[in-house]
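In: would you be able to build a 3D model of this:
(chains A and B)
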Amino acid sequence: MVARQGKLQATAQSGSRFAPGEAVRVAERPALGHCRTPWYLRGKTGVVASVQGIFRNPERLAYHQPGLPKRVLYKVRFEQAAIWDDYRGHAGDHLEADIYEHWLEPGKAR
Amino acid sequence: MPSPKRKTIPRRDAGGRATHDVGGLEFGPIDRQEHDLALWEKRTDAMLILLVGPKKGAFTIDAHRRVIEDYGQQTYDRITYYEKWIRAIRNLIVEQGIVSREEIDQRLAEVRERFAKTGRQASKERISW
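Out: Take a look at the predicted model:
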């Protein structure tokens, strides 16, 4: 899913707003049109697992625009129990999702 | 070329999420049976890769996703994976001015006529724009 279109850049790390290990919250807002941030993660808090690189913005590319400015993409790790109200799996279960920086806010560490 | 319209078609009774954004909703058991792809499905796959590739660059994979996401719930839930793909490819090559809708309709009519002459079965399905 992380796309062939973007290259991992050495600058991504230094230009990124969040660092691995940091708590982040996915913005709880609707999107108009194409958007890669899944609905079930909006408003949920996770931890940055890694910085994936910097890529053209798919929300603009989808409308034949150049997709600039490029956006930093993170792999964010969420506890399953933090996502689903009725989660009955193992306590340590988690999932990881690729989320662009403009969808992330600082999260409260739990 | 006018920029395509930015819109979100919400899924019914699903709290405002878009049609395609179904993660976490109840959809029953997953069909885990493996199945072979039809020739047209393989061709559709190849076509998309060529169209979005650097050489052709007809449109982006993101635009392809966008067109599929804009189908509306009834169509989105009814048609198959590669049916979604081929319809979006058709709409995008028209949107990008590569071929016209008339050219596609004319070509389809020719193919149907040829099939009728040779007794080959053609699908009666009309894929709406």
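In: just the strands from chain A, written as ranges.
Out: Under the criterion DSSP state E, chain A contains strands at A:23-26, A:45-55, A:71-79, A:94-100, A:104-106.
In: could I get those as TSV with mean neighbour count, mean pLDDT and distance to chain B?
Out: The C-beta positions use only the backbone N, C-alpha and C, and glycine is treated the same way. Output for the strands of chain A, formatted as TSV (neighbours: other Cβ atoms under 10 Å in any protein chain shown; pLDDT from 0 to 100; distance: least, Cβ to the nearest Cβ, whole Å):
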stretch	mean neighbour count	mean pLDDT	distance to chain B
strand A:23-26	20	98	13
strand A:45-55	20	97	10
strand A:71-79	22	98	12
strand A:94-100	17	98	10
strand A:104-106	16	98	18
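In: residues in contact with the residue nearest the centre of chain A?
Out: Nearest residue to the geometric centre of chain A (Cα atoms, centre = their mean): A:Ile99, 1.5 Å. Neighbouring residues of A:Ile99 by Cβ atoms under 8 Å, 6 or more residues apart in numbering or on different chains: A:24, A:26, A:37, A:41, A:73-74, A:76.
In: ditto for A:Ala81
Out: Listed by Cβ under 8 Å, 6+ apart, the contact set of A:Ala81 reads A:87, A:91, A:93.
In: which residues touch the last one?
Out: Each residue near A:Asp93 by Cβ under 8 Å, 6+ apart is listed here: A:79-81, A:87.
In: which residue sits farthest out from the middle of chain A?
Out: Farthest-from-centroid check, chain A (Cα atoms, centre = their mean): A:Arg88, 24.7 Å.
In: so B:Pro10 sits against B:Ala18, correct?
Out: Yes: in this structure, B:Pro10 is within contact of B:Ala18 by Cβ atoms under 8 Å, at 6.4 Å.
In: which of those two has more residues huddled nearby?
Out: It is B:Ala18, of B:Pro10 and B:Ala18, that has more neighbours when counted by other Cβ atoms under 10 Å in any protein chain shown, with 23 against 14.
In: setting aside sequence neighbours, what's the nearest residue to the more buried one?
Out: B:Thr8 (5.0 Å; Cβ to Cβ, 6 or more residues apart in numbering or on different chains).
In: okay, that neighbour: pLDDT?
Out: Looking at B:Thr8, its pLDDT is 93.
In: tell me the secondary structure at it.
Out: Following DSSP: H, G, I helix; E, B strand; the rest coil, B:Thr8 is assigned to coil.
In: and it, what does it touch?
Out: If you count contacts by Cβ under 8 Å, 6+ apart, B:Thr8 has them with A:30-33, B:18.
In: now those residues as TSV including distance to B:Ile127?
Out: Shown next, in TSV, are the contacts of B:Thr8 (distance: Cβ to Cβ, whole Å):
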residue	distance to B:Ile127
A:Pro30	30
A:Ala31	27
A:Leu32	26
A:Gly33	23
B:Ala18	21
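In: what about A:Pro20, how many residues nearby?
Out: The number of residues packed around A:Pro20, counting by other Cβ under 10 Å, is 14.
In: quick check: closest non-adjacent residue to it.
Out: Nearest to A:Pro20 is A:Val48, by Cβ to Cβ, 6+ apart, at 5.1 Å.
In: against B:Gly28, how distant is that neighbour?
Out: 34 Å (Cβ to Cβ, to the nearest Å).
In: before we move on, what about B:Gly57?
Out: B:Gly57 is 39 Å from B:Gly28, by Cβ to Cβ.
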